[in-house]
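# Fold the following, please.
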Amino acid sequence: MINILEIPEFYFSLLTLLNLFNFIDRGIIPGSTDEFTNFIEDNIETGHPSLYIGLLQSAFIVGFCLASPIFAGLVHYYGPFHLVTAGVTVWTCAVLLSGFAYYADSYMMLLFGRVLSGVGESSFQCCIPPWIATNSDENSKSRWLAIFNTAIPVGTALGYVYSSLISTSIGWQWAFFLEAVLIFPFLVFVFLICPRFPHLKPGVRHFPPVNENDYEEIVPIPPNSEAEAGVKDALKHDEATTSLLSSIEDDNLAQEQGKDVDVKLDPDLDQEEHPPNLYEEVKLICRYPCYLFITAGYTAQTGALIGLSTFGSAFLMGLNYFDSEVESSSLFGVVVSVAGIVGFPLGGMLLDYLSARSKHEQGHSHAELVRATLLMIVTSIGGCILFVLTFWIRSKALFIVVLFFGCLFLFLCNSSITIAILLSVPVENRALAIAFTSIVIHMFGDVPSPLVVGYLKDDLAPGCTGDDDAVSTSEDCRDDAQGLRITMLLVSLWFSWCIAFFTMAFVHAKRDYKAEKARRPSLYMDPVTRKISKQE
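The predicted model follows:
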C-alpha cells in the first residue's frame, strides 16, 4: 500500500493549496471595491478613495519586505516546514485581525492586518520554490513550480468571486473570518509533519531521486571571477579549449556515478560550513546580471498586471459591459482563473518538453536558462500586443476573449520566470534570490502600481470613484469610459519594459552558456554520439 506521506507530490500539492489560500486573501479587496470604498469613505475624508483601496492592496509588502530576508536566512538553519508553520500562524492571525477591523470601524486596523499578512506570506514564498526545485525530478521540475505558481492567478480570481459573493450577502468581514476557519486544519497538519523534514544543506533532497544518476545542476559563473577569466581565455585560444577535453572521462565518470558536477562559485566563501550574512548573500546574487535583468523584467510585468487586476472589475463595469459588481467581479475572476489554470501548467510543461529534447543537458542550468528566457520574451510580446489591442475593442465578447489570451500569454511567461530565477544563481542562494526578487517586484511593482493606476483612474475617469449604491455603476462613470480605456492603454504599454529586460537576460544567458560549454565541453557531450550539443 502506498503511503502518501512518502510521496513528494503530496507535499507539493499541499503547499500549492496553501499558496492558493494566500492569493484568495489577496483577491478579497479588489473583489469588493465598492464595499471597501464605502468603508473608507465612512472613516476617511478623501476625494480619492481608489487611492486608499490601492494602499490596502499594497500594504502587505511592508511585512513581506521586513520578514522575507529573515526567512531566507533561516533556511540555512531550519527545515522548510518549520518556517512554513511559523508563517501560516502569523498569516492566520492577520486574517482574523482584518475581519475584526469591520467591528472596530478602523481603517488603520484593517491596514495593519494587511501589513501583517505579508509576514506570513514571506515564509512559503521564499522557502518553498527552492525546496520544490530540489526535491522534484528533472522531468517535472518546471511543471511543479508552474503548478505552485498557478495559485497566483487562480487564487486571486477565486478571491474576486468569493469576496463579491460574501461581501454582498453577509459582509466583507466574513470573507476574512471564513478564510481563517478553512486554513486552520492545514496549519495543524503542517505543524505535525515538521519533524519529518529537518534542515539539510542546500541542494540535498528530502526524498530519494527518481533517477539514481540525477546530479546537481551546473550553476552560473559569477562575473569577474577566476572561473570567468579562464572561460574567456579558453574562448580566445583554440588550443586552450582543446586542452580542456582532457577532463571528459573524469566528468563523464562523475555523472555516471551520480556525483555532483558543479562549478565552485567563490573559493573564499564556504556557504555550507559558514552561511553568509544577509549583506554578503545579497552582494553575491547581485553579481549575476542575468538574475538582475530577470528581476527587472518581472517587476515591470508585475506592476502592469497588478494595476490592471486591482481595478479589473471597475474597468468592466465602467466600460458598460456589466451592470453590477457581482457580475463584473465574477466574470473577471473566471477569465483570470481559467487563463491561470491553463497558462501556468502549460508553460511549465512546455519548458519541460524543450528540456527533454536535449536529455544529456538536463540539469545544466545554462542550457535551461537560455530556453526559459527565450520563452519569456516570446510570451511577453504576445501578452503586450493583446492588452494594447483592448483599447480599440468595443465588442464585449471580443474584449473578454482578447483579455483571456492576454492573461494566458503572461501566465505562460510566469512559468518560466520562477525557474529562470532559480537557475540564474547558486543553489545555496536560491531562497534569498526569491526573497530579493519578491521584495523588488513588490516595492516597485505591487506597491506603486495600484496607487498610480488608482490615481490615473480617478483623474481620467472622475465619475468612477464609487457610489452609495455599491452594486452598480453610475451614469457618470459610463460617460467616462474613454478615460478608463486610456488608463488601461497606459498600463498595457508598460509591458514593453519587461520585453526589453528579458531580452537582456537572454543575451547574458546565451553568453554564459557558450562560455561554460567552452570551459567544460564534456558536460554538454551526447553520451551516444560523443558530440558536443548545440543550443538552438
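
# And for His146, the neighbour number?
That one is not His; residue 146 is Ala. 27 (other C-beta atoms under 10 Å). Heads up, the C-betas are built off the backbone N, CA and C, glycines and all.

# how far away is it from Leu158?
18 Å (C-beta to C-beta, to the nearest Å).

# One more: Arg287?
40 Å.

# ditto for Phe405
21 Å.

# Of these two, which one has the most company?
Neighbour count, other C-beta under 10 Å: between Phe405 and Leu158, Leu158 has more, with 22 against 18.

# Next, the contact list for that one, please.
20, 24, 27, 333, 337 (C-beta atoms under 8 Å, 6 or more residues apart in numbering).

# who's in contact with the last one?
With contacts defined as C-beta under 8 Å, 6+ apart, Ser337 is in contact with 153-154, 157-158.

# 6 Å instead?
154, 157 (C-beta atoms under 6 Å, 6 or more residues apart in numbering).

# Assign it to one of the three secondary structure states.
helix (DSSP: H, G, I helix; E, B strand; the rest coil).

# ok, Ile419 - contacts?
142, 145, 372.

# any chance you could read off phi and psi for it?
Dihedral pair for Ile419: phi -70, psi -30, per degrees, to the nearest 10.

# Show me where the stretch 301-450 of the chain has its helices.
Using DSSP state H, counting those that start in this stretch, the helices of the stretch 301-450 of the chain run over 312-318, 325-356, 365-389, 396-423, 430-441, 448-460.

# Please list the outside residues in contact with the last one.
Read it as helix 448-460. For helix 448-460, contacts defined as C-beta under 6 Å, 6+ apart pick out 48, 50-51, 54, 57-58, 303, 306-307, 310-311, 465, 483, 486-487, 491.

# mind running it again at 8 Å?
By C-beta under 8 Å, 6+ apart, helix 448-460 touches 47-48, 50-51, 53-55, 57-58, 302-304, 306-308, 310-311, 314, 464-465, 480, 483-484, 486-487, 490-491.

# cool, and stretch 65-83?
87, 118-119, 122-128, 130-131, 190, 193-194, 196-200, 202, 275, 277-278, 281, 431-432, 434-436, 438-439, 442-443.

# Could you tell me which of those residues count as buried?
Neighbour-count burial (16 or more other C-beta atoms under 10 Å) applied to those gives 87, 118-119, 122-128, 130-131, 190, 194, 197, 202, 275, 281, 431-432, 434-436, 438-439, 442-443.

# so which of the helices of the stretch 301-450 of the chain comes closest to Glu516?
Nearest to Glu516, of all those, is helix 365-389, at 4.8 Å by C-beta to C-beta.

# what mean pLDDT does the closest one have?
The average pLDDT within helix 365-389 is 90.

# Could you name the helices and strands sitting against that helix?
Judged by 3 or more C-beta pairs under 8 Å, 6 or more residues apart in numbering; DSSP states H and E, helix 365-389 is in contact with helix 289-310, helix 325-356, helix 396-423, helix 481-493, helix 495-519.

# Is it possible to get CSV of those that adds distance to Leu165 and mean pLDDT?
Shown next, in CSV, are the helices and strands packed on helix 365-389 (distance: least, C-beta to C-beta, whole Å; pLDDT from 0 to 100):
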stretch, distance to Leu165, mean pLDDT
helix 289-310, 18, 90
helix 325-356, 7, 82
helix 396-423, 20, 89
helix 481-493, 25, 86
helix 495-519, 31, 89
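
# any chance of these in CSV, plus distance to Gly73?
Output for the helices and strands packed on helix 365-389, formatted as CSV (distance: least, C-beta to C-beta, whole Å):
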stretch, distance to Gly73
helix 289-310, 18
helix 325-356, 29
helix 396-423, 18
helix 481-493, 35
helix 495-519, 26
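
# tell me the most buried of those?
The highest mean neighbour count among the helices and strands packed on helix 365-389, using mean count of other C-beta atoms under 10 Å, belongs to helix 289-310: a mean of 25.

# so it versus helix 495-519, what angle?
Counting by axes from the mean of the first three to the mean of the last three C-alpha atoms, to 10 degrees, helix 289-310 lies at 150 degrees to helix 495-519.

# Which other helices and strands does helix 289-310 contact?
Packed next to helix 289-310, using 3+ C-beta pairs under 8 Å, 6+ apart, are helix 49-58, helix 365-389, helix 396-423, helix 430-441, helix 448-460, helix 481-493, helix 495-519.

# pull the CA atoms of that helix into PDB?
C-alpha atoms of helix 289-310 as PDB (Å, rounded to 0.1, in the frame of the first residue of the first chain):
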ATOM      1  CA  PRO A 289      23.500  40.200 -14.500                       C
ATOM      2  CA  CYS A 290      21.100  37.600 -15.900                       C
ATOM      3  CA  TYR A 291      19.400  37.400 -12.500                       C
ATOM      4  CA  LEU A 292      19.200  41.200 -12.200                       C
ATOM      5  CA  PHE A 293      17.600  41.600 -15.700                       C
ATOM      6  CA  ILE A 294      15.100  38.800 -15.000                       C
ATOM      7  CA  THR A 295      14.100  40.600 -11.700                       C
ATOM      8  CA  ALA A 296      13.800  43.900 -13.500                       C
ATOM      9  CA  GLY A 297      11.500  42.400 -16.200                       C
ATOM     10  CA  TYR A 298       9.400  40.600 -13.600                       C
ATOM     11  CA  THR A 299       9.000  43.900 -11.700                       C
ATOM     12  CA  ALA A 300       7.700  45.700 -14.800                       C
ATOM     13  CA  GLN A 301       5.300  42.800 -15.700                       C
ATOM     14  CA  THR A 302       4.000  42.600 -12.100                       C
ATOM     15  CA  GLY A 303       3.400  46.300 -11.900                       C
ATOM     16  CA  ALA A 304       1.300  46.400 -15.000                       C
ATOM     17  CA  LEU A 305      -0.600  43.200 -14.200                       C
ATOM     18  CA  ILE A 306      -1.400  44.100 -10.600                       C
ATOM     19  CA  GLY A 307      -2.500  47.600 -11.700                       C
ATOM     20  CA  LEU A 308      -5.000  46.100 -14.200                       C
ATOM     21  CA  SER A 309      -6.200  43.300 -11.900                       C
ATOM     22  CA  THR A 310      -6.800  45.600  -8.900                       C
END
